[in-house]
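Chemist: need coordinates for the following:
(2 chains)
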Amino acid sequence: MRRVVVTGLGMVSPLGGNVETSWKNIIASKSGAATIQRFDASEYKCRIACEVKPKDHEYGYDASLDVDHKIQRQVDPFIVYGISAASEALRDAGLDNMTEEERLRAGCSIGSGIGGLPGIESESLVLATKGPSRVSPHFVHGRLINLISGQVSIKYGLMGPNHAVVTACSTGAHSIGDAARMIAMDDADVMLAGGAESAICPIGIAGFAQARALSTGFNDTPEKASRPYDVNRDGFVMGEGAGVVVLEEYEHAKKRGAKIYAEVIGYGLSGDAYHVTAPHPEGSGGFRSMQMALKKSGLSLEDIDYVNAHGTSTPLGDELELGAVKRLFGDNLSTMSMSSTKSAIGHLLGGAGAVESIFCILAMRDQIVPPTLNLDEPSESCKGVDLVPHVAKERKVRAVLNNSFGFGGTNASLIMKAV
Amino acid sequence: MSETADRVKKIVVEHLGVEAEKVTEDASFIDDLGADSLDIVELVMAFEEEFGVEIPDDAAEKIATVKDAIDYIDSKQ
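Modeler: The predicted structure is shown next:
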């Protein structure tokens, strides 16, 4: 089987418009949470989110660096974030100027959990108030989930596989895992893989709040709201952004002298077959997903130094994932660290698995693991697990495990190691 | 430049993200300003909103340049 390595990283997050700014802020224990700015949420149960910041902000995002003004107007923000992250990743890999022959073997697998919800909402209102002849001609292709892959392939002339995963909050991890397999199976030599989301709009916040998924008890202290594993957690904080990695066949990367961040060595997927929103009460889906990734990786548990948890800060989900991790690691629990970066940037839904995989890669590069913010009072079951409370921790990081679990009972786990 | 021309030009600049200097009256939306057929549909909608006129599809299809748009709008006002 062909080996697959990561040679480029790109990101838009609530803590930065690129990879290095986001990472620096994550390691500095900053929070991207605040009162929602994009619309007046004062009448909503949840009034907070981790929004991507405007470009004049200390760690803001400037869409116009990589996305034409016209496209910014026509498409939903999740696509704009995706194009930006993909562009950064390609430049980082030194592949933003490939020959036609190379581009025939380069593809995209960048998905989203929900897609263009803000645009669906606003154009539905146009339809209702102004009639069908006022609906934008760009409505459909400006909202479709596969249109990050579509736009990026057009912008950079990538003619290989063009794909988009839609598996709710597992999208980013599945995208990377599936794209790695496309390279392993010789469908492509280079794949841009990841996920993006931007669903911080009235219907998005209302919908998730009605599903009882969002934090509602910290509206006056937004930076305290995302608190995975803490006894006072009460739901997730919605984030937005995009994460994209360049995956490349190992020999291809080596031949051109590329900087190699990591190798994708394990990928596991499973279904809970239990409930649309609640995880399986024994966390068995997540357990099997991790187990499969581990088996594929050929590593033993003692080789894994860091787990970037799904850890959304929901009462049920955190506990069940923790239980599954404890059962899997058994005697090896004491030597690894596990944290949830959602405590800092919120839940990026379809973007989460990709952004968090990038944090895992950077943890290996810099030999430091990011913190779990707000873990003031760990729940009883946290005993014996290093959840990296409050501050980042320097430590040996040789291999990493990233978990993502989504509505519908869909689970993905990725294992990567330094090369 | 007429008032209609000014307003048309502003809409074109905003929608197509092109520099104002490029939006001359002779400029073709597709050949000179980088628009595609859907962009023209969107521009026509914006003209309808701005000027309170209705531009039927058969008339919209004949609007190829900035001047075509200005002339059509002026003829209906």
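
Chemist: quick one, what contacts residue 73?
Modeler: All of this refers to chain A. Residues near residue A:73 by Cβ atoms under 8 Å, 6 or more residues apart in numbering or on different chains: B:15, B:17. Bear in mind the C-beta positions are built from the backbone N, C-alpha and C, glycine included.

Chemist: wrong one, chain B
Modeler: B:4, B:8, B:47, B:51, B:53.

Chemist: buried residues, the helix or strand encompassing it. List them.
Modeler: Applying DSSP states H and E as the criterion places residue B:73 in helix B:66-76. Across helix B:66-76, burial judged by 16 or more other Cβ atoms under 10 Å in any protein chain shown covers B:66-70, B:72-73.

Chemist: then stretch A:384-404?
Modeler: Within stretch A:384-404, the residues scored as buried using 16+ other Cβ under 10 Å are A:385-389, A:392-393, A:395, A:397, A:399-404.

Chemist: let me know the pLDDT of the closest residue to chain B within the stretch 51-200 of chain A.
Modeler: Residue of the stretch 51-200 of chain A nearest chain B, by Cβ to the nearest Cβ: residue A:69 (2.9 Å). At residue A:69, the pLDDT value in this model is 92.

Chemist: count the neighbours of it for me.
Modeler: Close neighbours of residue A:69, defined as other Cβ atoms under 10 Å in any protein chain shown, add up to 15.

Chemist: chain center to stretch A:89-109, what's the gap?
Modeler: Taking Cα atoms, centre = their mean, to the nearest Å, the mean C-alpha location of stretch A:89-109 is offset from the chain mean by 22 Å.

Chemist: repeat for stretch A:191-199
Modeler: Offset of stretch A:191-199 from its chain centre (Cα atoms, centre = their mean): 7 Å.

Chemist: swap in stretch B:41-52?
Modeler: Distance, centroid of stretch B:41-52 to centroid of chain: 8 Å (Cα atoms, centre = their mean).

Chemist: that stretch near chain A anywhere?
Modeler: Yes - using Cβ under 8 Å from any Cβ of the partner chain, stretch B:41-52 comes into contact with chain A via B:41-42, B:45, B:49.

Chemist: residue A:301: which of those is nearest?
Modeler: For the residues of stretch B:41-52 next to chain A, the closest approach to residue A:301 (Cβ to Cβ) belongs to residue B:42, at 55.7 Å.

Chemist: and the gap between that closest one and residue B:62?
Modeler: Going from residue B:42 to residue B:62 by Cβ to Cβ, to the nearest Å gives 17 Å.

Chemist: settle it for me: which of these two has more neighbours?
Modeler: Between residue B:42 and residue B:62, counted using other Cβ under 10 Å, residue B:42 has the larger neighbour count: 20 against 9.

Chemist: would you check that residue A:192 makes contact with residue A:243?
Modeler: No - in this structure, residue A:192 is not within contact of residue A:243 by Cβ atoms under 8 Å, at 11.0 Å.

Chemist: now residue 76. Nearest residue, chain neighbours left out?
Modeler: In the absence of a named chain, chain A is used. Of all residues not flanking residue A:76 in the chain, residue A:116 sits nearest, at 3.3 Å (Cβ to Cβ, 6 or more residues apart in numbering or on different chains).

Chemist: that's the wrong chain, I meant chain B
Modeler: Residue nearest to residue B:76 in three dimensions, not counting chain neighbours: residue B:53, with 4.5 Å by Cβ to Cβ, 6+ apart.

Chemist: where does chain A dip in pLDDT?
Modeler: For chain A, no stretch has pLDDT under 70.

Chemist: which residues of it lie near chain B?
Modeler: Checking chain A against chain B by Cβ under 8 Å from any Cβ, the hits are A:68-70, A:72-74, A:133-134, A:136-138.

Chemist: all helices for the chain, in order.
Modeler: All of this is about chain A. Secondary structure of chain A, counting by DSSP state H: helices at A:19-27, A:69-74, A:77-93, A:100-103, A:117-130, A:147-156, A:171-184, A:202-210, A:250-255, A:284-297, A:315-329, A:342-345, A:352-366.

Chemist: should've been chain B
Modeler: Taking DSSP H to define them, one finds helices in chain B at B:3-16, B:37-51, B:57-60, B:66-76.

Chemist: residues in contact with the residue in chain B positioned nearest to chain A?
Modeler: Nearest residue of chain B to chain A, counting by Cβ to the nearest Cβ: residue B:17, 2.9 Å away. Residue B:17 sits next to A:68-70, A:72-73 when contact means Cβ under 8 Å, 6+ apart.

Chemist: mind redoing it with 7 Å?
Modeler: Going by Cβ atoms under 7 Å, 6 or more residues apart in numbering or on different chains, residue B:17 touches A:68-70.

Chemist: which regions of chain B sit below the pLDDT cut-off?
Modeler: Confidence mapping of chain B against pLDDT under 70 gives the ranges B:1.

Chemist: what does chain B put close to chain A?
Modeler: B:15-17, B:38, B:41-42, B:45 (Cβ under 7 Å from any Cβ of the partner chain).

Chemist: relative to residue A:418, how far out is the residue most central in space within chain A?
Modeler: For chain A, the residue nearest the mean C-alpha position is residue A:352 (2.0 Å; Cα atoms, centre = their mean). Shown here: residue A:352 relative to residue A:418, a distance of 23 Å by Cβ to Cβ.

Chemist: what of residue A:49?
Modeler: For residue A:49, the distance to residue A:418 equals 34 Å [Cβ to Cβ].

Chemist: what about those two, which has more around it?
Modeler: Neighbour totals were compared for residue A:49 and residue A:418, and residue A:49 leads with 28 against 15 (other Cβ under 10 Å).

Chemist: my guess is that one contacts residue A:202. True?
Modeler: No - with contact defined as Cβ atoms under 7 Å, residue A:49 does not reach residue A:202; the gap is 11.7 Å.

Chemist: on that earlier part again, for residue A:42, which of the helices of chain A is the nearest?
Modeler: Judging the helices of chain A by Cβ to Cβ, what sits closest to residue A:42 is helix A:202-210, at 11.7 Å.

Chemist: CA atoms only: put the closest one into CSV for me.
Modeler: What follows is helix A:202-210, C-alpha atoms only, in CSV (Å, rounded to 0.1, in the frame of the first residue of the first chain):
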residue,chain,number,x,y,z
PRO,A,202,-30.3,32.7,13.5
ILE,A,203,-31.7,29.4,12.2
GLY,A,204,-28.5,27.6,13.0
ILE,A,205,-28.2,28.8,16.6
ALA,A,206,-32.0,28.4,17.2
GLY,A,207,-31.9,24.9,15.7
PHE,A,208,-29.0,23.6,17.8
ALA,A,209,-30.4,25.2,20.9
GLN,A,210,-33.7,23.5,20.4
